[in-house]
Each structure stands twice: as structure tokens, then as C-alpha cells.
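Novice: Structure of the sequence below:
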Amino acid sequence: MRTIAQSILFFWAALAWAASPGAQFSPTNIFAPASTPANTIFGLSMFVLAVTGAIFVVVFSLLVYATVKFRKRAGDEGREPAQVYGSKQVELAWTVIPVLIVVVLFLAAARVIASIQNAEPPAGAIHVTVIGHQYWWEYRYPDFNVVTANELHVPVSDPAHPTPTFLTLLSADTDHSFWVPRLAGKTDLIPNHPNHTWIDPHETGLFLGQCSQYCGVQHAMMLLRVYVQTRPEFDRWLAQQRQPAAVNAAASDGQRIFESTACVNCHTVNGTVAKGKFGPDLTHLMSRDTIASGAVLNTHQNLRAWIQDPDTLKPGCLMPAMGLNDRQVDAVTAYMETLR
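Specialist: Residues are numbered from 1 along each chain as shown. Predicted structure coming up:
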């Protein structure tokens, strides 16, 4: 009985938290959908919760009834209760009813999955190729010739004139999983197996998520940030991202050091000799709010520490320390801060 009581308390506590103002404003709250796929999944979740809640109430009520009705009473010693050796009606009931419940839940889930997976991109839809790396995200906008990392920018979708964003999901190494709870369900990124999902945010703002498939030692720090902007803001961001890297004579020493190390083998800076594809594109690094896939804010101190020794901020990441001295680190940091 104690275990049952604890389960009931946990159930109601979870519902109370989901309905609380704090949960409603949580950036990863599945009970506050802000996109059509997430809203569809939310509706399915509520339906499943209602069905399982009804089952819980019925089973618990029968358990309480049986406990009270057939509890041991005075004078029962030595007397064996009536024995029932089979009932076709009861056996049919506890076989047919669960089968029907499972069929209903299966059909409801299949309908939601089909509605999300079979959606066709309308005219004006944004297409983004998402590539999961250990341990960061690469975003390519093929229609706009834009490549960025870790922070996905999309336009808000007006329900009257939908402009959804369709995502092609690829993996560069191992399994990853793209999940922004308020925008869509989890979708895996599997090597050599392209996958797809889509979002159509109905409100502007920052939506958070992360890789939800264990992919290595820094899986927990492979974070997602989705910036939903008005269409004019999104167009301005695209125009800025299409520009080549700014040339700043004051940071020429840092650029020279950057281009003379192995940094250019992993990173791209448009307009320079850096053409690497293994690490994030750095052309507009300072336009991002965070570094290290959302692990830390993009501040001078954090950027310098990241360049000097990435393991201090993200232990186990695949970016090596280049062994630069303090003057070289300062110079490279100053150069990075010109990449806007």
C-alpha cells in the first residue's frame, strides 16, 4: 500500500509541476508546445495520459475494493475462502479489453507519426541540413549558401501563411539525436542514413534542446539553441552570414598565427586560406551567443580559455590545445573577435 501511495503522490506531483507557471516558462517544457509537430505530440501525450489514467483509477479502485471486501475478519481462522477455478467471462475481459486499448493507442500514435513524417514542404519553406558531430552541430542552408554552427536560426511561421523549416538530419560520425522539446519530437541522426523532421514555430524567441542519444564523453554538452526570428530579422541574419570574414589590420598577427597552425585543417573562415570542414565554420563566430556547442557564453574570457585549452571548458572534446604561448593566445583571440 505504501508503494501505491507513493506512486499516486508522484503522479499528481508531476501533473502539478506541468501545470505550474515555472514549468510553462521552461525552455524545454514538453507541456508548452510552440510548433505544430510538438503540439501534435502533446495532444497524443494527453490522450495516452487520459487512457492510462483511467486504467490506473479502475485498477486501483478494484484493488481497494478487494482489499476492503475480502480482508481478514474475526472468525476467519481455519476457514478457507471460496475457491474459483476459472471464469471464461473474466478471462475474456482481461484479454479483449487490453488488446482493444493497445490497438487504439497504436492507431493514435501511428496517425501522429504519419502526419509528421509525411508532411510535404509548402512553397517558401526553409530547408536546413543538420549535421551532428562529436560534439557540436553544423547547419547548412543550401538555398542561401550559408553555413553556421550550434545556433540554428529560423523564421517564425504564421499559421495563415506557414513558413515551416524542414530539416535533413545527417551524422558525421556516430549516432546523435535532434531534440528541441517545444518544437518537435526526437529524431535520430544515423551515419549513412539520412533522416528528416520539420518545425514551424508560432512564436519568436530562444528554444533550447540537446542531443538526446548518447554519443560519447561530451554528449551532455552537445546542446541545441534555436533562434526563432521575425522574417525581416531572419533575412538580415542571412545577409550578414553570407558576407566574407572582415579584414582587420589590427588583428593581422592573430590571423597569421591562426593560419600557420593546424586550426586551418579543421575550421573554415571565408575569404582566407582556412578551408577545414572537421570543426565549426568560424567566419561569423562573434555573431553567436555561445561557444563549445552552447556549453559557455561567447565572452572574451571564455573564448581565450577555449583557444588556450578547450579541455578546461569541455573535457573530452575533440579540439586539441595548440600549445600557444600567452602572447599568441591573446593575438588569436583578438583575431577571432573580429569575425563578426
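Novice: ok, how many other residues are close to W198?
Specialist: 23 (other C-beta atoms under 10 Å). For the C-beta atoms, the positions are set from N, CA and C on the backbone; glycine is no exception.
Novice: Could you shift the numbering so residue one becomes 53, and keep it that way?
Specialist: All set: I'll call the first residue 53, so the last point we hit is now W250.
Novice: Spatially nearest residue to it (excluding sequence neighbours)?
Specialist: Of all residues not flanking W250 in the chain, F218 sits nearest, at 4.5 Å (C-beta to C-beta, 6 or more residues apart in numbering).
Novice: Kindly provide the distance from that neighbour to N300.
Specialist: Per C-beta to C-beta, to the nearest Å, F218 is found 37 Å from N300.
Novice: what sits up against the host helix or strand of the residue nearest to W250?
Specialist: Using DSSP states H and E, F218 maps to strand 217-223. With C-beta atoms under 8 Å, 6 or more residues apart in numbering as the test, strand 217-223 has contacts from 173, 177-184, 206-207, 209, 230, 239-243, 246-252.
Novice: one more time with 7 Å, if that's ok
Specialist: Outside strand 217-223, the residues within contact range by C-beta atoms under 7 Å, 6 or more residues apart in numbering are 173, 177-184, 206, 230, 239, 241-243, 246-251.
Novice: Pop out the phi and psi values for T200.
Specialist: When read as degrees, to the nearest 10, the backbone of T200 gives phi -140, psi -180.
Novice: Alpha carbons only: can I get the strand holding F218 in CSV?
Specialist: The C-alpha trace of strand 217-223 is given here as CSV (Å, rounded to 0.1, in the frame of the first residue of the first chain):
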residue,chain,number,x,y,z
THR,A,217,11.6,24.8,-41.7
PHE,A,218,12.4,21.3,-43.0
LEU,A,219,15.5,19.7,-41.6
THR,A,220,17.6,17.0,-43.2
LEU,A,221,19.5,15.2,-40.5
LEU,A,222,22.9,13.6,-41.1
SER,A,223,25.7,12.3,-38.9
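Novice: Please identify the next secondary structure element, helix or strand, after it.
Specialist: Following strand 217-223 in sequence order, the next helix or strand is strand 228-230 (DSSP H and E).
Novice: Parallel or antiparallel, which strands does that following strand pair with?
Specialist: When pairing is defined by DSSP bridges, strand 228-230 lines up against strand 239-241 (antiparallel).
Novice: Quick check: phi and psi on the residue lying closest to L370 once chain neighbours are set aside?
Specialist: Distances taken as C-beta to C-beta, 6+ apart put Q186 closest to L370, at 5.8 Å, once the chain neighbours are dropped. Backbone torsions for Q186, taken as degrees, to the nearest 10, come to phi -80, psi 110.
Novice: so where does K366 fall, helix or strand?
Specialist: Under DSSP H and E, no helix or strand contains K366.
Novice: quick one, what contacts it?
Specialist: K366 is in contact with 270, 273, 344, 347, counting by C-beta under 7 Å, 6+ apart.
Novice: In helices only, show me those.
Specialist: Cross-referencing the contacts of K366 against helices under DSSP state H gives no overlap.
Novice: top of those by neighbour count?
Specialist: Counting neighbours by other C-beta under 10 Å, A344 leads the contacts of K366 with 25 neighbours.
Novice: State the pLDDT value of the nearest residue to that residue once chain neighbours are set aside.
Specialist: Nearest non-adjacent residue to A344, counting by C-beta to C-beta, 6+ apart: K366, 4.8 Å away. On pLDDT, K366 comes in at 90.
Novice: do R54 as well
Specialist: Note on R54: pLDDT of 49.
Novice: quick one: the longest helix anywhere in the chain to chain centroid distance?
Specialist: Scanning the chain for the helix with the most residues, using DSSP H, yields helix 88-121. Relative to the chain's own centre, helix 88-121 is displaced by 27 Å; criterion: C-alpha atoms, centre = their mean, to the nearest Å.
Novice: Helix or strand next in line after it, which one?
Specialist: Next along the chain after helix 88-121, taking DSSP H and E as the criterion, comes helix 140-169.
Novice: Next SSE downstream of that next one?
Specialist: Downstream of helix 140-169, the next assigned helix or strand under DSSP H and E is strand 178-185.
Novice: which residues does the nearest residue to K238 once chain neighbours are set aside contact?
Specialist: Residue nearest to K238 in three dimensions, not counting chain neighbours: W231, with 4.2 Å by C-beta to C-beta, 6+ apart. By C-beta under 7 Å, 6+ apart, the contact list for W231 reads 238, 261-262, 264.
Novice: domain assignment for this protein?
Specialist: If you go by automatic domain parsing, the domain ranges for the chain are 74-118+140-282, 301-388.
Novice: any chance of those in TSV, with distance to Q292 too?
Specialist: Shown next, in TSV, are these (distance: least, C-beta to C-beta, whole Å):
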stretch	distance to Q292
domain 74-118+140-282	10
domain 301-388	7
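Novice: And these: which comes nearest Q295?
Specialist: Closest approach to Q295 among the domains of the chain (C-beta to C-beta): domain 301-388, 7.8 Å.
Novice: Tell me how far that closest one lies from the chain's centre.
Specialist: Chain-centre distance of domain 301-388: 26 Å, with C-alpha atoms, centre = their mean.
Novice: Ok, stretch 380-390 next?
Specialist: With C-alpha atoms, centre = their mean, you get 32 Å for stretch 380-390.
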